[in-house]
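> Have a look; sequence and predicted model below, questions after that.
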Amino acid sequence: MKATAAIVRNVGGRFSVEEIEVAEPRGSEVRVKIAGVGMCHTDLVARDGFPVPLPIVLGHEGSGVIEAVGPDVSGLSVGDHVVLSFNSCAACPTCEEDLPAYCHNFLAQNFAGVRLDDGSSPLSQDGSVIHGSFFGQSSFGSYAIANQRNTVKVDKDLPIEILGPLGCGIQTGAGAAILSLGLKAGQSLAIFGGGAVGLSALLGARAVDAGTVIVVEPNAARGALALELGATHVIDPGATENVLDTIKELSGGGVNHALDTTGIPDVVAVAVETTIAHGTVGLIAVPPPEAMLPANMMSMLVRGTIIKYITEGDADPQTFIPQMIAWYRAGKFPFDRLVKIFPFDQINEAAKASEDGSAIKPVLTF
Ligand SMILES: [Zn+2]
Ligand SMILES: [Zn+2]
(Lines give C-alpha, C1' and ligand atoms only; values in the text may rest on other atoms or scores of the structure.)
(Ligands and ions follow the chains in the order given, each with its own letter.)
Protein backbone atom coordinates (compact mmCIF):
# COMPACT_ATOMS: atom_id res chain seq x y z
CA MET A 1 0.00 0.00 0.00
CA LYS A 2 1.05 3.63 -0.50
CA ALA A 3 2.52 5.60 2.38
CA THR A 4 4.25 8.93 2.96
CA ALA A 5 7.72 8.51 4.44
CA ALA A 6 10.91 10.47 5.11
CA ILE A 7 13.80 8.97 3.15
CA VAL A 8 17.50 9.59 3.84
CA ARG A 9 19.43 9.13 0.59
CA ASN A 10 22.90 10.51 1.49
CA VAL A 11 25.01 10.48 4.65
CA GLY A 12 24.25 13.71 6.49
CA GLY A 13 21.54 14.61 3.99
CA ARG A 14 18.06 15.98 4.61
CA PHE A 15 14.99 13.88 5.27
CA SER A 16 13.06 13.83 1.99
CA VAL A 17 9.28 13.32 2.35
CA GLU A 18 8.14 11.10 -0.53
CA GLU A 19 5.56 8.48 -1.43
CA ILE A 20 6.66 4.85 -0.96
CA GLU A 21 5.12 1.39 -1.10
CA VAL A 22 4.76 -0.64 2.14
CA ALA A 23 4.46 -4.44 1.78
CA GLU A 24 1.83 -6.71 3.29
CA PRO A 25 2.89 -7.99 6.74
CA ARG A 26 4.13 -11.56 6.67
CA GLY A 27 5.02 -14.13 9.36
CA SER A 28 4.95 -12.40 12.73
CA GLU A 29 4.94 -8.87 11.27
CA VAL A 30 2.27 -6.23 11.83
CA ARG A 31 1.50 -3.16 9.73
CA VAL A 32 0.86 -0.08 11.83
CA LYS A 33 -0.80 3.18 10.79
CA ILE A 34 1.55 5.60 12.55
CA ALA A 35 -0.14 8.31 14.64
CA GLY A 36 3.06 9.87 15.95
CA VAL A 37 6.78 9.19 16.02
CA GLY A 38 9.42 10.65 18.29
CA MET A 39 12.82 11.76 17.10
CA CYS A 40 15.71 10.29 19.05
CA HIS A 41 19.42 11.12 18.90
CA THR A 42 20.09 7.73 17.27
CA ASP A 43 17.99 8.74 14.22
CA LEU A 44 20.33 11.67 13.68
CA VAL A 45 23.44 9.55 14.32
CA ALA A 46 22.17 7.11 11.65
CA ARG A 47 21.36 9.96 9.24
CA ASP A 48 24.86 11.33 9.75
CA GLY A 49 26.83 8.17 9.13
CA PHE A 50 26.26 5.38 11.65
CA PRO A 51 26.42 2.42 9.30
CA VAL A 52 22.98 1.80 7.82
CA PRO A 53 22.33 1.02 4.15
CA LEU A 54 20.94 3.88 2.05
CA PRO A 55 18.40 4.93 0.98
CA ILE A 56 16.56 4.22 4.22
CA VAL A 57 13.52 5.24 6.24
CA LEU A 58 14.64 5.84 9.85
CA GLY A 59 12.38 6.43 12.87
CA HIS A 60 12.23 4.18 15.94
CA GLU A 61 9.76 5.74 18.38
CA GLY A 62 6.54 5.04 16.49
CA SER A 63 3.06 4.61 17.90
CA GLY A 64 -0.25 4.02 16.17
CA VAL A 65 -2.95 1.53 15.29
CA ILE A 66 -2.50 -1.97 13.85
CA GLU A 67 -4.01 -2.06 10.39
CA ALA A 68 -2.97 -5.59 9.25
CA VAL A 69 -1.28 -8.62 10.85
CA GLY A 70 0.81 -11.46 9.41
CA PRO A 71 -0.42 -15.08 9.62
CA ASP A 72 1.83 -16.03 12.58
CA VAL A 73 0.95 -13.10 14.85
CA SER A 74 -0.66 -13.93 18.18
CA GLY A 75 -1.88 -11.60 20.91
CA LEU A 76 -2.22 -8.59 18.59
CA SER A 77 -5.17 -7.72 16.33
CA VAL A 78 -6.27 -5.16 13.78
CA GLY A 79 -7.41 -2.03 15.63
CA ASP A 80 -5.07 -2.45 18.60
CA HIS A 81 -3.25 0.70 19.74
CA VAL A 82 0.47 -0.01 19.99
CA VAL A 83 3.86 1.47 20.91
CA LEU A 84 6.84 0.24 18.89
CA SER A 85 10.22 -0.36 20.52
CA PHE A 86 13.61 -1.81 19.63
CA ASN A 87 13.87 -5.27 18.12
CA SER A 88 15.66 -8.36 19.45
CA CYS A 89 16.04 -11.98 18.38
CA ALA A 90 14.20 -13.81 21.23
CA ALA A 91 16.62 -16.74 20.91
CA CYS A 92 20.06 -15.73 22.23
CA PRO A 93 21.23 -16.19 25.85
CA THR A 94 20.58 -12.57 26.92
CA CYS A 95 17.15 -12.49 25.28
CA GLU A 96 16.38 -15.68 27.20
CA GLU A 97 17.54 -13.91 30.37
CA ASP A 98 14.92 -11.20 29.65
CA LEU A 99 17.58 -8.61 28.77
CA PRO A 100 16.66 -7.95 25.11
CA ALA A 101 18.61 -4.65 25.05
CA TYR A 102 21.76 -6.79 25.12
CA CYS A 103 20.56 -9.19 22.42
CA HIS A 104 23.63 -10.78 20.81
CA ASN A 105 22.08 -9.82 17.47
CA PHE A 106 21.11 -6.26 18.49
CA LEU A 107 23.03 -4.48 15.72
CA ALA A 108 21.65 -6.65 12.92
CA GLN A 109 18.13 -6.67 14.39
CA ASN A 110 18.01 -2.87 14.55
CA PHE A 111 20.43 -1.48 11.95
CA ALA A 112 20.61 -3.98 9.04
CA GLY A 113 17.85 -2.14 7.14
CA VAL A 114 16.35 -5.41 5.93
CA ARG A 115 14.47 -8.48 7.18
CA LEU A 116 17.12 -10.85 8.50
CA ASP A 117 15.56 -14.08 7.18
CA ASP A 118 15.89 -13.27 3.46
CA GLY A 119 17.50 -9.82 3.22
CA SER A 120 14.39 -8.21 1.72
CA SER A 121 12.98 -4.82 2.71
CA PRO A 122 9.28 -4.25 3.36
CA LEU A 123 9.64 -0.80 1.73
CA SER A 124 10.08 0.14 -1.92
CA GLN A 125 9.53 2.95 -4.40
CA ASP A 126 8.69 2.33 -8.06
CA GLY A 127 10.19 -1.17 -7.77
CA SER A 128 13.48 0.03 -6.20
CA VAL A 129 14.49 -1.02 -2.70
CA ILE A 130 14.11 1.49 0.12
CA HIS A 131 15.69 0.08 3.26
CA GLY A 132 13.38 -0.36 6.24
CA SER A 133 13.21 -2.41 9.45
CA PHE A 134 15.22 0.29 11.30
CA PHE A 135 14.83 -0.80 14.94
CA GLY A 136 12.33 -3.29 13.53
CA GLN A 137 9.96 -0.49 12.48
CA SER A 138 11.21 2.44 10.28
CA SER A 139 8.42 4.61 11.60
CA PHE A 140 9.24 7.94 9.91
CA GLY A 141 6.28 7.17 7.66
CA SER A 142 2.51 7.03 7.68
CA TYR A 143 2.63 3.20 7.75
CA ALA A 144 5.34 0.95 9.19
CA ILE A 145 6.05 -2.77 9.29
CA ALA A 146 6.99 -3.92 12.80
CA ASN A 147 7.26 -7.29 14.51
CA GLN A 148 5.14 -8.87 17.19
CA ARG A 149 8.20 -8.89 19.47
CA ASN A 150 8.80 -5.11 19.37
CA THR A 151 5.11 -4.12 19.37
CA VAL A 152 3.51 -3.34 22.74
CA LYS A 153 -0.28 -3.10 23.04
CA VAL A 154 -1.64 -0.16 25.06
CA ASP A 155 -5.09 1.02 26.17
CA LYS A 156 -7.16 2.97 23.65
CA ASP A 157 -7.97 5.89 25.96
CA LEU A 158 -4.34 7.06 26.05
CA PRO A 159 -3.04 9.88 23.77
CA ILE A 160 -1.62 7.49 21.18
CA GLU A 161 0.21 10.12 19.11
CA ILE A 162 2.68 10.99 21.89
CA LEU A 163 3.37 7.49 23.27
CA GLY A 164 6.12 6.51 20.79
CA PRO A 165 9.07 7.93 22.79
CA LEU A 166 8.22 5.47 25.58
CA GLY A 167 9.69 2.89 23.18
CA CYS A 168 13.21 4.33 23.21
CA GLY A 169 14.37 7.67 24.65
CA ILE A 170 12.09 7.81 27.67
CA GLN A 171 12.47 4.10 28.37
CA THR A 172 16.25 4.56 28.19
CA GLY A 173 16.36 7.34 30.79
CA ALA A 174 13.76 6.01 33.20
CA GLY A 175 15.03 2.45 32.86
CA ALA A 176 18.60 3.60 33.49
CA ALA A 177 17.64 5.18 36.81
CA ILE A 178 15.33 2.43 38.03
CA LEU A 179 16.52 -0.81 36.40
CA SER A 180 20.21 -0.19 35.66
CA LEU A 181 21.19 1.84 38.72
CA GLY A 182 18.60 0.19 40.95
CA LEU A 183 17.62 3.57 42.40
CA LYS A 184 15.51 3.08 45.52
CA ALA A 185 13.10 5.34 47.42
CA GLY A 186 15.04 7.95 49.37
CA GLN A 187 18.33 7.41 47.50
CA SER A 188 20.17 10.25 45.80
CA LEU A 189 21.08 10.60 42.13
CA ALA A 190 23.16 13.02 40.07
CA ILE A 191 22.15 13.29 36.41
CA PHE A 192 24.61 14.84 33.96
CA GLY A 193 22.70 16.37 31.04
CA GLY A 194 19.07 17.52 31.00
CA GLY A 195 18.05 16.38 27.52
CA ALA A 196 15.34 13.83 26.76
CA VAL A 197 17.22 10.92 28.35
CA GLY A 198 18.43 12.86 31.40
CA LEU A 199 15.00 14.33 32.13
CA SER A 200 13.43 10.89 31.64
CA ALA A 201 15.83 9.56 34.25
CA LEU A 202 14.56 12.36 36.51
CA LEU A 203 10.95 11.27 35.83
CA GLY A 204 11.90 7.71 36.71
CA ALA A 205 13.63 8.88 39.91
CA ARG A 206 10.49 10.77 40.98
CA ALA A 207 8.27 7.81 40.10
CA VAL A 208 10.15 5.63 42.62
CA ASP A 209 10.29 8.44 45.23
CA ALA A 210 14.04 9.01 45.12
CA GLY A 211 15.51 11.54 47.57
CA THR A 212 17.94 14.22 46.39
CA VAL A 213 18.10 14.40 42.59
CA ILE A 214 20.64 16.84 41.14
CA VAL A 215 20.58 17.69 37.43
CA VAL A 216 23.72 19.22 35.88
CA GLU A 217 22.64 21.16 32.79
CA PRO A 218 23.92 24.40 31.23
CA ASN A 219 20.72 25.28 29.30
CA ALA A 220 18.63 27.51 31.61
CA ALA A 221 15.25 26.50 30.13
CA ARG A 222 16.04 22.82 30.58
CA GLY A 223 17.27 23.49 34.10
CA ALA A 224 14.01 25.27 34.92
CA LEU A 225 11.99 22.36 33.52
CA ALA A 226 14.06 19.92 35.60
CA LEU A 227 13.07 21.82 38.75
CA GLU A 228 9.39 21.75 37.71
CA LEU A 229 9.64 18.00 37.14
CA GLY A 230 10.99 17.42 40.63
CA ALA A 231 14.76 17.87 40.60
CA THR A 232 15.80 19.01 44.07
CA HIS A 233 18.75 20.96 42.65
CA VAL A 234 20.00 22.10 39.25
CA ILE A 235 23.64 22.99 38.67
CA ASP A 236 24.71 25.17 35.75
CA PRO A 237 28.25 23.89 35.12
CA GLY A 238 29.15 27.13 33.33
CA ALA A 239 28.36 29.18 36.43
CA THR A 240 29.72 26.77 39.04
CA GLU A 241 33.36 26.81 40.09
CA ASN A 242 33.57 23.14 41.11
CA VAL A 243 30.72 20.86 40.10
CA LEU A 244 32.06 17.88 42.08
CA ASP A 245 32.35 19.86 45.33
CA THR A 246 28.90 21.36 44.79
CA ILE A 247 27.30 17.94 44.31
CA LYS A 248 29.01 16.62 47.44
CA GLU A 249 27.82 19.65 49.39
CA LEU A 250 24.20 19.38 48.19
CA SER A 251 24.04 15.63 48.84
CA GLY A 252 25.76 15.50 52.20
CA GLY A 253 29.04 13.98 50.98
CA GLY A 254 28.13 12.33 47.69
CA VAL A 255 25.27 10.68 45.84
CA ASN A 256 24.22 7.03 45.84
CA HIS A 257 24.30 6.90 42.04
CA ALA A 258 25.29 9.02 39.05
CA LEU A 259 24.17 8.93 35.44
CA ASP A 260 26.01 10.47 32.50
CA THR A 261 23.93 11.25 29.42
CA THR A 262 26.55 13.46 27.73
CA GLY A 263 29.27 11.04 26.59
CA ILE A 264 31.83 13.81 27.22
CA PRO A 265 34.91 12.29 28.91
CA ASP A 266 35.56 15.36 31.10
CA VAL A 267 31.97 15.14 32.39
CA VAL A 268 32.24 11.39 33.01
CA ALA A 269 35.43 12.06 35.02
CA VAL A 270 33.38 14.21 37.42
CA ALA A 271 30.43 11.78 37.50
CA VAL A 272 32.69 8.89 38.56
CA GLU A 273 33.89 10.87 41.62
CA THR A 274 30.43 11.93 42.84
CA THR A 275 29.24 8.61 44.27
CA ILE A 276 29.60 7.35 47.82
CA ALA A 277 30.62 3.77 48.67
CA HIS A 278 29.13 1.07 46.46
CA GLY A 279 27.49 3.60 44.18
CA THR A 280 26.79 2.84 40.53
CA VAL A 281 27.83 5.20 37.75
CA GLY A 282 25.68 4.67 34.66
CA LEU A 283 26.91 5.68 31.21
CA ILE A 284 24.38 6.02 28.40
CA ALA A 285 25.52 8.40 25.68
CA VAL A 286 27.33 7.55 22.48
CA PRO A 287 30.95 8.60 23.23
CA PRO A 288 33.55 9.83 20.76
CA PRO A 289 34.84 6.64 19.08
CA GLU A 290 38.36 6.95 20.50
CA ALA A 291 37.33 7.94 24.06
CA MET A 292 38.73 5.99 27.02
CA LEU A 293 37.17 5.91 30.47
CA PRO A 294 38.67 8.78 32.55
CA ALA A 295 38.57 7.18 35.98
CA ASN A 296 41.05 6.93 38.84
CA MET A 297 41.31 3.26 39.75
CA MET A 298 42.44 3.80 43.37
CA SER A 299 39.54 6.18 44.00
CA MET A 300 37.15 3.57 42.59
CA LEU A 301 38.76 0.79 44.64
CA VAL A 302 38.28 2.52 47.98
CA ARG A 303 34.61 3.23 47.20
CA GLY A 304 33.80 -0.07 45.45
CA THR A 305 32.46 1.98 42.54
CA ILE A 306 30.40 0.14 39.93
CA ILE A 307 30.59 1.46 36.37
CA LYS A 308 27.92 0.28 33.98
CA TYR A 309 27.30 1.04 30.32
CA ILE A 310 23.57 1.03 29.56
CA THR A 311 21.51 0.23 26.45
CA GLU A 312 17.77 1.01 26.33
CA GLY A 313 17.67 1.37 30.12
CA ASP A 314 18.07 -2.41 30.53
CA ALA A 315 14.33 -2.54 29.85
CA ASP A 316 12.14 -5.25 28.42
CA PRO A 317 9.66 -3.06 26.50
CA GLN A 318 6.82 -5.56 26.98
CA THR A 319 6.86 -4.97 30.75
CA PHE A 320 8.49 -1.56 31.21
CA ILE A 321 6.29 0.42 28.77
CA PRO A 322 3.11 -0.68 30.63
CA GLN A 323 4.88 0.24 33.90
CA MET A 324 5.67 3.78 32.67
CA ILE A 325 2.07 4.15 31.45
CA ALA A 326 0.76 3.09 34.87
CA TRP A 327 2.92 5.79 36.51
CA TYR A 328 1.72 8.32 33.90
CA ARG A 329 -1.91 7.51 34.72
CA ALA A 330 -1.13 7.91 38.43
CA GLY A 331 0.29 11.40 37.76
CA LYS A 332 3.82 10.30 38.73
CA PHE A 333 5.41 10.27 35.29
CA PRO A 334 4.48 13.38 33.22
CA PHE A 335 6.59 12.47 30.18
CA ASP A 336 4.27 14.59 28.01
CA ARG A 337 6.03 17.65 29.46
CA LEU A 338 9.10 16.71 27.37
CA VAL A 339 7.19 16.47 24.07
CA LYS A 340 7.01 19.13 21.36
CA ILE A 341 4.70 18.31 18.44
CA PHE A 342 5.67 18.94 14.80
CA PRO A 343 3.62 18.07 11.70
CA PHE A 344 5.34 15.19 9.89
CA ASP A 345 6.31 17.28 6.86
CA GLN A 346 8.38 19.49 9.18
CA ILE A 347 10.73 16.63 10.02
CA ASN A 348 13.86 18.62 9.07
CA GLU A 349 12.74 21.49 11.33
CA ALA A 350 12.17 18.95 14.13
CA ALA A 351 15.69 17.59 13.63
CA LYS A 352 17.10 21.11 13.82
CA ALA A 353 15.11 21.83 16.99
CA SER A 354 16.47 18.64 18.53
CA GLU A 355 20.04 19.60 17.63
CA ASP A 356 19.86 23.22 18.78
CA GLY A 357 18.16 22.24 22.03
CA SER A 358 14.91 24.14 21.44
CA ALA A 359 12.89 20.89 21.53
CA ILE A 360 13.64 18.20 24.10
CA LYS A 361 11.61 15.43 22.50
CA PRO A 362 10.17 16.29 19.08
CA VAL A 363 7.21 14.13 18.10
CA LEU A 364 6.04 14.12 14.47
CA THR A 365 2.34 13.60 13.93
CA PHE A 366 0.27 12.72 10.88
ZN1 LIG B 1 18.67 -11.97 21.22
ZN1 LIG C 1 16.41 5.94 20.39
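Cool, got the structure. Please read these numbers as outputs of a predicted model, since none were measured by experiment. Numbers count the residues shown, from 1 in each chain. Ligands and ions are numbered 1, 2, ... in the order given.

> what pairs with T280 across the strands?
H257, I306 (DSSP bridges).

> All the helices of the stretch 201-350 of the chain, residue numbers only.
220-228, 243-250, 265-273, 297-303, 317-329, 347-356 (DSSP state H, counting those that start in this stretch).

> export these to JSON lines and tack on mean neighbour count and distance to ligand 2?
Quick note: C-beta positions are derived from backbone N, CA and C, even for glycine. Output for the helices of the stretch 201-350 of the chain, formatted as JSON lines (neighbours: other Cβ atoms under 10 Å; distance: least, Cβ to the ion, whole Å):
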{"stretch": "helix 220-228", "mean neighbour count": "16", "distance to ligand 2": "19"}
{"stretch": "helix 243-250", "mean neighbour count": "17", "distance to ligand 2": "27"}
{"stretch": "helix 265-273", "mean neighbour count": "19", "distance to ligand 2": "20"}
{"stretch": "helix 297-303", "mean neighbour count": "11", "distance to ligand 2": "29"}
{"stretch": "helix 317-329", "mean neighbour count": "19", "distance to ligand 2": "12"}
{"stretch": "helix 347-356", "mean neighbour count": "17", "distance to ligand 2": "12"}
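
> Counting neighbours, what do you get for L99?
Neighbourhood size, L99 [other Cβ atoms under 10 Å]: 18.

> Please apply the same query to the one 3 residues further on.
The number of residues packed near Y102 is 16, by other Cβ under 10 Å.

> same deal with L364?
Look at L364: counted by other Cβ under 10 Å, it has 28 neighbours.

> Could you list the low-confidence segments of this structure?
Residue ranges of the chain with pLDDT under 70: none are present.

> what does it have sitting close to ligand 1?
Listed as neighbours of ligand 1 in the chain under the rule Cβ under 5 Å from the ion: 88-89, 92, 95, 103.

> which of the residues you listed sit farthest apart?
Within the residues of the chain next to ligand 1, S88 and C92 form the most distant pair, 8.1 Å apart (Cβ to Cβ).

> Mutual contacts of those two, please.
Residues touching both S88 and C92 (Cβ atoms under 8 Å, 6 or more residues apart in numbering) are 103, 105.

> more crowded one of the two?
Shown here are S88 and C92; by other Cβ under 10 Å, S88 has more neighbours (26 against 17).

> Isn't the more buried one up against N105?
Yes. At 7.4 Å, S88 and N105 qualify as touching, with contact defined as Cβ atoms under 8 Å.

> how much space is there between R9 and T274?
Distance, R9 to T274, using Cβ to Cβ, to the nearest Å: 44 Å.
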